[in-house]
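Student: I'd like to go over a predicted model; first the sequence, then the structure.
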Amino acid sequence: MITRVASITLEVPDLEASIGFFADHIGLTVTERRGSSAYLRARASHHDLVLVASEDERTVLQTLNFESDDVTGDVDRAIRAGARDLGTVEVAGADTAHIVEAAGGIGLLIHSTLHQIEHAPTPGLAQPEHFSHFNLGTPDPARLIQFFVDGLGMRNSDWIGSPEDPLIGWLHCPVDGALHHGVAVLKTEDTRLHHISYEYDNAQEIVDRVDNFVDESHFLVWGMGRHGTGGSIFAYIEDVSGMMVELGTGMIRIGQDPRWNGPQVWSLDDQRGVDEWGSSIPEAWMAKRVDVAAPSALRKAP
């Protein structure tokens with residue numbers, strides 16, 4: 001069973017600059033480095049982000065990373081749902097890991113529960129609690145959402161639009177207390193990574209982080225606001241590689257929060273779905289993108 005959406009693996013043109021951004025503005029710490037890869041953590045898990053130095057100066061998504069209590073079973077399920085088997089890999093902080101490739105060249109890394117690191121609070125601005133979710137763009141959201149349901153056992157949380165033709169759909173892991181969404185799927189012209197998100201303890205921590213980020217040349221992409229879908233307070237900023245990062249807090253926990261009583265379809269005309277406080281989705285937010293690199297093109301399948 002997929003128990004948590006753990007991180008992503010992102011290829012970046014300037015590894016040191018990206019490490020600096022996630023340390024200074026998000027609050028991540030480098031756990032270890034292996035070759036051209038850096039593993040960064042929030043608090044207790046071995047990592048909540050993997051950064052890889054690009055060989056061709058591009059920012060691209062390599063894999064979406066999922067924690068599992070049965071890697072073999074979850075890999076088999078994904079393959080039965082149409083994913084391509086690319087074999088086992090070594091991942092720092094995990095005993096077992098396996099890559100499959102979904103339609104559209106989307107790489108899925110399924111690994112065992114990450115090793116835990118003794119967390120010692122650091123002075124200064126707060127660290128996030130953990131990786132929250134990724135948002136993936138695709139021309140056919142309903143099809144990709146169904147793959148996450150059939151292939152990974154994710155469960156639907158909400159939709160904006162309709163389940164058959166959503167603008168956005170959200171899914172959660174099949175465990176009690178899961179975040180309202182570890183996966184978001186957005187309708188876009190092509191396949192892309194739209195943004196990733198980290199969960200903080202409270203809104204003041206996000207305000208402090210935003211104040212630390214904003215200057216004469218850096219501003220919010222969107223926020224602050226509160227999503228109706230998921231219930232979280234949010235602010236979106238952009239990292240040095242061009243990827244958008246959401247800072248969030250207060251997301252609904254499935255089975256533990258009366259704000260969610262089952263999957264809901266939100267109307268495209270209902271402003272509360274995107275922001276209960278009244279703002280509309282900015283064009284700059286919709287336009288954000290990171291290319292997706294098919295893992296089969298990056299490595300040889302066994």
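Tutor: Cool, got the structure. Numbering: from 1, shown residues only.
Student: for the stretch 1-150 of the chain, just list every one of the helices.
Tutor: 15-21, 71-80, 141-152 (DSSP state H, counting those that start in this stretch).
Student: distance between the shortest one and the chain's centre?
Tutor: To tie it back to what came earlier, the one meant is helix 15-21. Using Cα atoms, centre = their mean, to the nearest Å, we find the averaged C-alpha position of helix 15-21 to lie 18 Å away from the chain's own average C-alpha position.
Student: mind listing what's buried in it?
Tutor: Neighbour counts over helix 15-21 (16 or more other Cβ atoms under 10 Å) mark Leu15, Ser18, Ile19, Phe21 as buried. Where you see a C-beta, it was placed from the backbone N, CA and C, and this is true even at glycine.
Student: how near is the second one to Val290?
Tutor: The gap separating Ser18 from Val290 is 12 Å, by Cβ to Cβ, to the nearest Å.
Student: overlap of the contact sets of the two?
Tutor: Leu10, Ser241 (Cβ atoms under 8 Å, 6 or more residues apart in numbering).
Student: quick one: low-confidence parts of this structure?
Tutor: In the predicted model of the chain, residues 298-302 satisfy pLDDT under 70.
Student: what's the domain layout of it?
Tutor: Following automatic domain parsing, one finds the domains of the chain at 2-116+291-298, 130-287.
Student: so who does the residue lying closest to Asp14 once chain neighbours are set aside touch?
Tutor: Sequence neighbours aside, Val240 is the residue nearest to Asp14 in space, at 6.7 Å (criterion: Cβ to Cβ, 6 or more residues apart in numbering). Contacts here follow Cβ under 8 Å, 6+ apart; on that basis Val240 touches Asp14, Ala17, Ser18, Gly20, Phe21.
Student: Asp257 now?
Tutor: Gly231.
Student: for it, helix, strand, or coil?
Tutor: Taking DSSP: H, G, I helix; E, B strand; the rest coil as the rule, one finds Asp257 in the coil state.
Student: Leu247 now?
Tutor: With three-state DSSP as the criterion, Leu247 was assigned strand.
Student: returning to that earlier point: mind putting the domains of the chain into CSV with distance to Pro123?
Tutor: Putting the domains of the chain into CSV (distance: least, Cβ to Cβ, whole Å) gives the following:
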stretch, distance to Pro123
domain 2-116+291-298, 12
domain 130-287, 13
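Student: re the thing from before, distance of the residue nearest to Asp14 from Asp76?
Tutor: When Val240 is compared with Asp76 (using Cβ to Cβ), they lie 39 Å apart.
Student: residues in contact with Phe234?
Tutor: Neighbours of Phe234 in contact, by Cβ under 8 Å, 6+ apart: Ser197, Ile206, Trp222, Gly223, Met224, Gly225, Arg226, His227, Glu246, Leu247, Gly248.
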